[in-house]
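I would like to see how this sequence folds:
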Amino acid sequence: MEQHFEILIIGGGTAGIMTAAQLLKKDKSLSIGIIEPAQTHYYQPAWTLVGAGTYDYAKTAKPMAEVMPDGVEWIRDYATGFDPEKNIVTTKSSGAFQYDFLVVAPGLVMEPSMIEGLPEALEKGVACSNYIDPEKTWDIIKNFKGGNAVFTQPTTPIKCGGAPQKIAYLAADYFRKHGLEEKTNVIFATPGSVIFGVKPIRETLMKVIDRYHIHFKPFYAPFKIDVDEKIIHFNHTAPEENRCIINEGNELGERMLGETDIQVPFDMLHLAPPQAAPKFIRDSSLVNDTGWLDVDHHSLQHKKHANIFGLGDVAALPTAKTGAAIRKQVPVVVENILLLKAHKEATNHSYNGYSSCPLVTGYGKMVLAEFDYQSNFTPDPKLKRMLVFNSDKEHWRLWMMKKHLLPYLYWNKMLKGKQV
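Down below sits the predicted model:
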């Protein structure tokens, strides 16, 4: 096996595969290695739809060998560490690899143990998560008989920040269609202060919340799950805020213990687990003080090592961790690497924080949130070709795009290095 590459990529997810494919489109002669232990590549954006019973889980998976670009050497192993001074990456069983340029894109990992009781709750089926097993989520939704259906998310950054609320809207729609609305309290609890940071999207989503009579709980940070009693504990993250007085007799059965501990009983619990950079990244010298890869926000070049770039979920970028963000990040990384390879400066600083959250708001309805670092709403002008003139409003054509067009573009264009 080749132990030196011009370009070494850690991660065979969206970011790693797209970067390799686009580099090879520019220069077929490049020697590129991808370190990736997984045998299967997943199209994870469809897992929300799987969790709502409207997409086949099997269609979200392809063998990794099928998406690996021709001309790349696939190192089927785990990266374990770095020596950036010597341009070396170590692996679990294949030895060390040298590189001229390194692209760090291993994604992130689920860390359920950061919420007390969550590993046991998931193991026993008391809680479910589209991030881990969307088919289990669908099983729980379709067998739900009423009571408190709690949807929540952690204080850590997460991939696709809209996902925890999308499944709440789909579940609420499902319960309504199956005569469970009167017997059910749908609760969406978030550590954040608002439902969404982009104003036009926020206004639409508040109407969706009203339509489904969802109990919206801002400033709620989950920290513990009592598996036996089926109670979730939240810290109130802004005790200085005016908030409703919680009585034991309220319809949700909420109880307040002390200043910040709020207990909510549940009959169904869906949550995004806490998430973090993989441990070998966190333990390296390449991270910032919050444990994410320390790259320039606009060039994606590492702040200390000029021949290292990072993108995708592992990168310390103040924007949503989505495949749509990666689509805009990859060309910046590709151009900057090729500039450095030609002994020029990495002058592409054009990434503006673009990301996109396709917010499914019910069966057959979707809003498309596109935004930048400043939370400006930045809709793609191409949407007008689909006769979508206000993507901040619910639209059936956006739902069709989410369910049919985006998976097609992902497998057939994005992963093959073609411009979308």
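
mind giving me the domain ranges of the chain?
4-108+277-351, 113-271 (automatic domain parsing).

Distance to Met366, mean pLDDT and mean neighbour count added to those domains, as JSON lines?
Where C-beta positions appear, they are placed from N, C-alpha and C, glycine not excepted. As requested, the domains of the chain are exported to JSON lines (distance: least, Cβ to Cβ, whole Å; pLDDT from 0 to 100; neighbours: other Cβ atoms under 10 Å):
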{"stretch": "domain 4-108+277-351", "distance to Met366": "10", "mean pLDDT": "98", "mean neighbour count": "19"}
{"stretch": "domain 113-271", "distance to Met366": "9", "mean pLDDT": "93", "mean neighbour count": "18"}
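
Now tabulate those domains in JSON lines and tack on distance to Val360.
Converted to JSON lines, those look like this (distance: least, Cβ to Cβ, whole Å):
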{"stretch": "domain 4-108+277-351", "distance to Val360": "6"}
{"stretch": "domain 113-271", "distance to Val360": "5"}
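
Tell me which of the ones you listed sits nearest to Phe371.
Across those, the minimum distance to Phe371, taken as Cβ to Cβ, is reached by domain 113-271, at 4.8 Å.

out of the domains of the chain, which comes closest to Leu368?
Closest approach to Leu368 among those (Cβ to Cβ): domain 113-271, 8.6 Å.

shouldn't Gly107 be in contact with Gly12?
No: the pair Gly107 and Gly12 does not pass the contact test of Cβ atoms under 8 Å, sitting 9.5 Å apart.

name the element the closest residue to Glu203 other than its chain neighbours belongs to?
Leaving out its chain neighbours, the residue that sits closest to Glu203 by Cβ to Cβ, 6 or more residues apart in numbering is Asp392, at 7.7 Å. Asp392 is part of no helix or strand, with elements assigned from DSSP states H and E.

Return the residues in contact with Asp392.
200-201, 203-204, 367-369, 377, 379 (Cβ atoms under 8 Å, 6 or more residues apart in numbering).

likewise Gln3?
95-98 are the contacts of Gln3 under Cβ under 8 Å, 6+ apart.

thinking again about what came up before, now flag whichever of the contacts of Asp392 is closest to Leu317.
Looking at those and their distance to Leu317, the nearest is Ala369, at 16.7 Å (Cβ to Cβ).

Can you show me the strands along the stretch 151-300 of the chain?
Secondary structure of the stretch 151-300 of the chain, counting by DSSP state E, counting those that start in this stretch: strands at 184-189, 215-217, 220-226, 231-236, 255-257, 261-265, 268-271, 275-276.

Return the list of strands paired to the fourth one, each annotated with direction.
Paired strands of strand 231-236, with direction, are strand 220-226 (antiparallel), strand 261-265 (antiparallel) (DSSP bridges).

So for the spatially most central residue of the chain, what's the nearest residue that isn't a sequence neighbour?
The structure's the chain has its C-alpha centroid closest to Lys159; by Cα atoms, centre = their mean the separation is 1.7 Å. Among residues not flanking Lys159 along the chain, Lys321 sits closest, at 4.5 Å (Cβ to Cβ, 6+ apart).

From what I see, the one you found and Leu108 are in contact.
Yes: between Lys321 and Leu108 there is a contact at 7.2 Å, judged by Cβ under 8 Å.

Give me the common contacts of those two.
157, 159, 313.

Surely the last one is in contact with Ala320?
No: counting by Cβ under 8 Å, no contact exists between Asp313 and Ala320, whose distance comes to 10.0 Å.

quick one, longest helix in this protein?
When the chain is parsed with DSSP state H, its longest helix is helix 323-341.

I'd guess Ala38 is in a helix, am I close?
No: Ala38 is assigned coil when assessed by DSSP: H, G, I helix; E, B strand; the rest coil, not a helix.

Distance check, Lys328 against Met18.
From Lys328 across to Met18, the span is 11 Å (Cβ to Cβ, to the nearest Å).

Also Gly107?
Distance from Gly107 to Met18, counting by Cβ to Cβ: 13 Å.

contacting residues around Val295?
Applying Cβ under 8 Å, 6+ apart, we find Val295 in contact with 301-303, 309-311, 315-317.

Mind putting the residues you listed into JSON lines with secondary structure and distance to Ile232?
Below are the contacts of Val295 laid out as JSON lines (DSSP: H, G, I helix; E, B strand; the rest coil; distance: Cβ to Cβ, whole Å):
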{"residue": "Gln301", "secondary structure": "strand", "distance to Ile232": "41"}
{"residue": "His302", "secondary structure": "strand", "distance to Ile232": "39"}
{"residue": "Lys303", "secondary structure": "coil", "distance to Ile232": "38"}
{"residue": "Phe309", "secondary structure": "strand", "distance to Ile232": "39"}
{"residue": "Gly310", "secondary structure": "strand", "distance to Ile232": "34"}
{"residue": "Leu311", "secondary structure": "coil", "distance to Ile232": "34"}
{"residue": "Ala315", "secondary structure": "strand", "distance to Ile232": "31"}
{"residue": "Ala316", "secondary structure": "coil", "distance to Ile232": "29"}
{"residue": "Leu317", "secondary structure": "coil", "distance to Ile232": "30"}
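
State whether Thr137 is indeed within a strand.
No: secondary structure of Thr137 (three-state DSSP): helix, not part of a strand.

mind checking how far it is from Ile201?
Taking Cβ to Cβ, one finds Thr137 at 24 Å from Ile201.

got it, and Ile187?
Applying Cβ to Cβ to Ile187 and Ile201 gives a distance of 21 Å.

try Leu23
Applying Cβ to Cβ, the value for Leu23 to Ile201 is 34 Å.

can you check Thr319 too?
Noted for Thr319: a distance of 14 Å to Ile201, by Cβ to Cβ.

does the residue lying closest to Phe144 once chain neighbours are set aside have beta-bridge partners, and which?
Of all residues not flanking Phe144 in the chain, Met268 sits nearest, at 5.5 Å (Cβ to Cβ, 6+ apart). Counting by DSSP bridges, Met268 is bridged to Ala149.

isn't Met268 right next to Gly146, touching?
No: the criterion here is Cβ under 8 Å, and Met268 misses it with Gly146 at 9.5 Å.

who's in contact with Gln44?
60, 159-160, 323.

What about those residues, which are in helices?
Among those, the members falling in helices (DSSP H) are Gly323.

will you turn the contacts of Gln44 into JSON lines that also has distance to Gly179?
Shown next, in JSON lines, are the contacts of Gln44 (distance: Cβ to Cβ, whole Å):
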{"residue": "Thr60", "distance to Gly179": "30"}
{"residue": "Lys159", "distance to Gly179": "34"}
{"residue": "Cys160", "distance to Gly179": "31"}
{"residue": "Gly323", "distance to Gly179": "36"}
